[in-house]
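# no sequence on this one, just coordinates:
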């Protein structure tokens, strides 16, 4: 009996010691951040949709995703090894679950690139990290294949791009992709080991309303909910991942309406956009150069007592042109500084391009309404919105209207003038569409990473008559 008591005591002591050790073990994810930023702790973000507010800071995962500071801590290490892996040659341990990133825009985020695709990737990476997954960055197909073969036991999904120089040459190649032997299609060798990429783990990121071959459908990830778009159904079956701009816009001070000057921000990434046929006030004679000489901005500035500002890139297609008279050009700036300028404006004016940009979402999150040029419509029924095509179709087809978004037909000079003045004199609060909330993005990415996609892939192979190259 004494011996049994001693054994029991020793067992309890050993169990206690083991528990203490486990509690103090480091997390085997090279990307980990546990602190909540001060700005978020002081001001939990709110989502505003049609006047309703919902707290977004209830989930630790959402807090982590809204933080995003892990990239600042890891970017120098990742840059030094040219994204050859999550940890390069310095640390070889990754978390039990990993995501393999083969689209160049993911790596571009760590270099500070901030175009539309990069903002999308930035949001996805924040959520992947917050969910506890490691990320492996590949800069080429060969590197991606090598990394999968090394870490195949960890990789849950591969996020790629369905272009001829990315995933497309692989996805029908029997030496690159692995198709499960239960597929109804014949499987040529050597398609039978973990050395090839399982086709059900590969998802192609596609910014536009289209499906990426060969499987398309849910194996194409989209930033917009193309399922609700009328007309072209190419992307209706895509997996709507979406993104969120809350992380940066909520860190930008919400300037009160009374503190804002009567300023309109002219949204055009390149000066050449003023020459394009999509321009919101196209030349009647077809002389596109005359579009840069319109008196619209200078005239409205004088009559409505307002100022137009904008920053623009020059490139080889239009190196010597200047913005139209009445627009004050400001220097190029990084994203947070840009958001401060937008936040100090009363309206964001689209001129036709760029299309589907994140910037109108950022402006709405900063309490700045957007003028959305409508480029196409049914001449027999001009008010049939299902036939409209606009600069930002995402906001159009989601039904976001005044006082947040003003949809005006291209060429309607008086209509644009009225919309600009009305938007300037009608203040709004922060507006974040529910699909753009970080909590919604977390749910969608969690489903992507945790679902068993193999049976879905098998059905898609049947539906698309998928064949591997012999």
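On my side now, so go ahead. In this text the structure is predicted, and so the values were computed from the model without any measurement.
# tell me the SS of residue 124?
Judged by DSSP: H, G, I helix; E, B strand; the rest coil, the three-state class of residue 124 is helix.
# run through the bridge partners of the nearest residue to residue 202 once chain neighbours are set aside.
Using C-beta to C-beta, 6 or more residues apart in numbering and skipping the chain neighbours, the partner closest in space to residue 202 is residue 158 (4.8 Å). C-beta coordinates here come from the backbone N, C-alpha and C atoms, glycine included. Going by DSSP bridges, residue 158 is paired in beta bridges with residue 100, residue 202.
# hmm, residue 200 and residue 158 touching each other?
No: applying C-beta atoms under 8 Å, one finds residue 158 not in contact with residue 200, separated by 10.2 Å.
# re earlier: tell me how many other residues crowd the residue nearest to residue 202.
Using other C-beta atoms under 10 Å, residue 158 has 24 other residues around it.
# surely residue 167 and residue 199 touch.
No: between residue 167 and residue 199 there is no contact under C-beta under 8 Å: 10.2 Å.
# all strands of the stretch 351-470 of the chain, in order?
Remark: strands assigned in the stretch 351-470 of the chain by DSSP state E, counting those that start in this stretch are 370-376, 389-390, 405-409.
# what are the pairing partners of the shortest one, and which direction each?
Using DSSP bridges, the neighbouring strands of strand 389-390 in the sheet come out as strand 370-376 (antiparallel).
# what about residue 340, how many neighbours?
Quick note: residue 340 (other C-beta under 10 Å) scores 14 neighbours.
# apart from its neighbours in sequence, what residue is nearest it?
Nearest non-adjacent residue to residue 340 (C-beta to C-beta, 6+ apart): residue 252, at 6.0 Å.
# helices and strands around the strand or helix carrying residue 149, which ones?
Under the criterion of DSSP states H and E, residue 149 resides in helix 141-151. Secondary-structure packing of helix 141-151 (3 or more C-beta pairs under 8 Å, 6 or more residues apart in numbering; DSSP states H and E): strand 98-101, strand 155-160, helix 168-171, strand 197-198.
# can you tell me which of the ones you listed is packed in deepest?
Between the helices and strands packed on helix 141-151, strand 98-101 has the highest mean count of neighbours, a mean of 26, where neighbours are mean count of other C-beta atoms under 10 Å.
# contact partners of that one?
Outside strand 98-101, the residues within contact range by C-beta atoms under 8 Å, 6 or more residues apart in numbering are 86, 107, 125, 128, 133-138, 144, 147-148, 151, 154-159, 449.
# out of those, which end up buried?
Restricting the contacts of strand 98-101 to buried positions leaves 86, 107, 125, 128, 133-138, 144, 147-148, 151, 154-159, 449, with burial counted as 16 or more other C-beta atoms under 10 Å.
# where are the low-confidence patches of the chain?
Where the chain drops to pLDDT under 70, the residues are 1-58, 73-95, 181-194, 470.
# tell me, what residue is most central in it?
residue 120 (1.6 Å; C-alpha atoms, centre = their mean).
# that'll do, ta.
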